[in-house]
Structure formats: structure tokens, C-alpha cells
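*Asks:* Using only what follows, build the 3D model:
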Amino acid sequence: MVNRKSSKKTQYRSTTVKKKKNNKAKRKDTRMRRNHSKARKIKLFIFGLIFICSLAVLGFSIYKMVTWYSDNNKIDKLSDEINAEDYIESDKDRVNYKVEQINPPDAQLRDSDYYKYMKMDMLSINFKDLIKKNSETVGWIKVNGTNINYPVVKHSDNKYYLTHAFDKSENTAGWIFMDYRNSSTNLSKNTIIYGHSRLTGTMFGTLKKTMNESWYKNTSNHIVHLSTPTENTMWQVFSIYTIKKEGYYIKTKFTSTSDFKKFVKTIKDRSTVKFNAQVDENDKILTLSTCKGNNDERFVVHAKLIKREIRN
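*Replies:* Presented below is the predicted three-dimensional model:
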């Protein structure tokens, strides 16, 4: 005979166990769904964040490209306007200028290129109107065999003209400028001129042409002209190289003659091209510096003063 009470208890226990299992399964399922929902939300958040960041990067890139093209157009227009005006002085204007050869080679080491350069015309600029356009104008530079043919400016620091054009408008192309530590009226033992290396070839964008065999094998290219309000000068290139960003080659002051002599030897030995130029401690150096590849590298050209024309 079946014990009904015992059977009911067993049935109740079985039902209770089933309910507990079902509840446990439901709770587990709920937790899984919640975790899945949470994970899905996290994924959507991450994807959304990536999408927003991508849009931001794309927008910034477009902005930089538009700015780059706009600044290049402004620089091209400004350069064309400057070159359209004739600032070059005639021989008649320079009739009373005093010409000097600077540190010519010894008679036993006569550098034929040096004396060939002595016959070349000097670059002489009338600065009156240029200074009216920009009172910080200190010179005009022209590098043979390149597109470099610009007024040179100088500010109270070496940052301003990295982001400002000749007319002082903000421009990422910047302008050609002299180191603020140098004097344009009394040239230092090492005068430094900087400029951005623009892909369009503006500013110092064609300075790297000096690395081309077609450039350095033509000795007529080895000349840099620098005209200032006090004198016109001619410089002979003797060293070109690429180097990591440093402060040594842009020194403007030297503690002694031997210090400068060591400096001259160092920068000459760095050259990737062997030039036919005698350089010693009696020379004055012109250094042209621009970025190469990225902001960690510099492309450098050094030249020595060989001729000057003193204005009245």
C-alpha cells in the first residue's frame, strides 16, 4: 500500500528541486544575456569611439592638406610679387663700391675655381622698398643652380619665421631667415640662414639639389650670393651633408682661434662631396640649414666668404 504522505513529500521535493534548477538556469541565462548585452554595448562603444577618432583624424588631415595648399599658394603669390619688382642694382649704382678678395689661396695652392669666381658678377640689391615692406629685412640670398632667390629676414628669435611669411602673415611655409644671434652688418665667423624644405620647391626646397651629381660637378654652381644693406658678398661652397639635429654646426661664437679651426675641420670632413676649396681659421662661414625627411634630420650647406663689395 502506497504511503500517500510520503509520495506527496517526494513529489513536492522533486518539484522544488526542479523549480530551483529552473530558477538557477533562468538566473544564469539572465546573467549571460546581461553579460552579452554589456559586451555588445562595450563593442559598440569601442567601434563608435574608433569611428569618431577616424573621422577626427580624417577631418584634421583634410584641414592640414587644405592649409598646406592654401599656404603654398599664398607663398607662391608673394614670391611672384617680390620677384616681379626689380630690386637688383645696376653697375651704375655700384660704381663707387669697394671690392675685396677675401683670404685668397696661397700662390703655391692656387685654386683655379677661386679666381674664376672672382670674375663672376656680384648680386647687389636695393633694399629701400623691401625694408618698407618688412622692416626686419636684412639681406637677399641666391644659391646658384637652385630656385633659392629670396629676401632674408631676421626676428628676435628663431621661431617666428618658421610660421610667418615675408609680409608677417601666418603661414606654415615660413620664410628664409637669419639666426637671431647673427648680425647682418658685421657678419659672424659663422652666419646661419634657415628655411623650410618645401615639397613644392619654395624656400629651401631645392637646397637638396646640391646633392645631385649634375649640380656639384658643375663648379659654377658652387656659389652663394648674399646681399645686405651694408655689403654684397660671394661665398664658395665647401661642404654639404645630412646630420641628426644638433647644435654644433650652428655655433656662432668661438672661444679661440683653435676652437674655430677645429670647427672648420669638422664641418669640412663631414661633407659627402669633395670640393675644391681651401678653408682655414681666417675664413668666415655661411651655413644654410633646412629639415630633411623629418624634424630629427638636417640638410646642411657650408660656404666660405671669398669676395665682398662694400657699399658707400
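
*Asks:* Where do the helices of the stretch 151-300 of the chain begin and end?
*Replies:* Taking DSSP state H, counting those that start in this stretch, the helices of the stretch 151-300 of the chain run over residues 213-216, 257-269.

*Asks:* roughly how far is the first one from the heart of the chain?
*Replies:* For helix 213-216, the distance from its own C-alpha centre to the chain's C-alpha centre is 23 Å (Cα atoms, centre = their mean, to the nearest Å).

*Asks:* Check which residues of that helix are buried.
*Replies:* Across helix 213-216, burial judged by 16 or more other Cβ atoms under 10 Å covers 215-216. C-beta here means a position set from N, CA and C on the backbone, and glycine is covered the same way.

*Asks:* Next: stretch 92-99.
*Replies:* For stretch 92-99, the neighbour count (16+ other Cβ under 10 Å) marks Tyr97 as buried.

*Asks:* tally of neighbours for Arg33?
*Replies:* Look at Arg33: counted by other Cβ atoms under 10 Å, it has 10 neighbours.

*Asks:* what mean pLDDT does the host helix or strand of it have?
*Replies:* Using DSSP states H and E, Arg33 falls within helix 4-84. Helix 4-84 carries an average pLDDT of 72.

*Asks:* After that helix, heading C-terminal, what element do we hit next?
*Replies:* Heading C-terminal from helix 4-84, the first helix or strand you meet, by DSSP H and E, is strand 98-101.

*Asks:* Output the contacting helices and strands for that following strand.
*Replies:* Under the contact definition 3 or more Cβ pairs under 8 Å, 6 or more residues apart in numbering; DSSP states H and E, strand 98-101 sits against strand 294-310.

*Asks:* What confidence value was assigned to the closest residue in space to Asn149 that isn't next to it in sequence?
*Replies:* The shortest distance from Asn149 to any non-neighbouring residue, by Cβ to Cβ, 6 or more residues apart in numbering, is to Lys142 (4.7 Å). At Lys142, the predicted lDDT confidence score is 98.

*Asks:* Please report the distance of Lys142 from Thr272.
*Replies:* According to Cβ to Cβ, to the nearest Å, Lys142 stands 23 Å off from Thr272.

*Asks:* So between those two, which is more surrounded?
*Replies:* When Lys142 and Thr272 are compared for neighbours, Lys142 comes out ahead with 16 against 11, by other Cβ under 10 Å.

*Asks:* can you pull the contacts of that one?
*Replies:* The contact partners of Lys142, by Cβ atoms under 8 Å, 6 or more residues apart in numbering, come to 123, 148-149, 224-225.

*Asks:* is it possible to export those to JSON lines including distance to Arg33 and pLDDT?
*Replies:* Converted to JSON lines, the contacts of Lys142 look like this (distance: Cβ to Cβ, whole Å; pLDDT from 0 to 100):
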{"residue": "Leu123", "distance to Arg33": "81", "pLDDT": "97"}
{"residue": "Ile148", "distance to Arg33": "70", "pLDDT": "97"}
{"residue": "Asn149", "distance to Arg33": "74", "pLDDT": "97"}
{"residue": "Val224", "distance to Arg33": "76", "pLDDT": "98"}
{"residue": "His225", "distance to Arg33": "80", "pLDDT": "98"}
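
*Asks:* of all these, which comes closest to Lys208?
*Replies:* Set against Lys208, the nearest of the contacts of Lys142 by Cβ to Cβ is Ile148 (11.0 Å).

*Asks:* So that closest one sits against Lys208, correct?
*Replies:* No: if you go by Cβ atoms under 8 Å, Ile148 and Lys208 don't touch, sitting 11.0 Å apart.

*Asks:* more crowded one of those two?
*Replies:* Between Ile148 and Lys208, counting by other Cβ under 10 Å, Ile148 is the more crowded of the two (23 against 17).

*Asks:* give me the number of residues near Lys119?
*Replies:* Lys119: 6 neighbours (other Cβ under 10 Å).

*Asks:* Against His222, how distant is it?
*Replies:* Relative to His222, and taking Cβ to Cβ, Lys119 is found at 14 Å.

*Asks:* again, but for Thr200
*Replies:* Distance of Thr200 to His222, given as Cβ to Cβ: 25 Å.

*Asks:* swap in Lys168?
*Replies:* Separation of Lys168 from His222 (Cβ to Cβ): 34 Å.

*Asks:* for Thr252, same thing?
*Replies:* Relative to His222, Thr252 is positioned 24 Å away (Cβ to Cβ).

*Asks:* More neighbours: these two, which one.
*Replies:* His222 (24 against 15).

*Asks:* Skipping adjacent residues, who's closest to that one in space?
*Replies:* Counting by Cβ to Cβ, 6+ apart, His222 lies nearest to Val237, which is 4.3 Å off, once chain neighbours are set aside.
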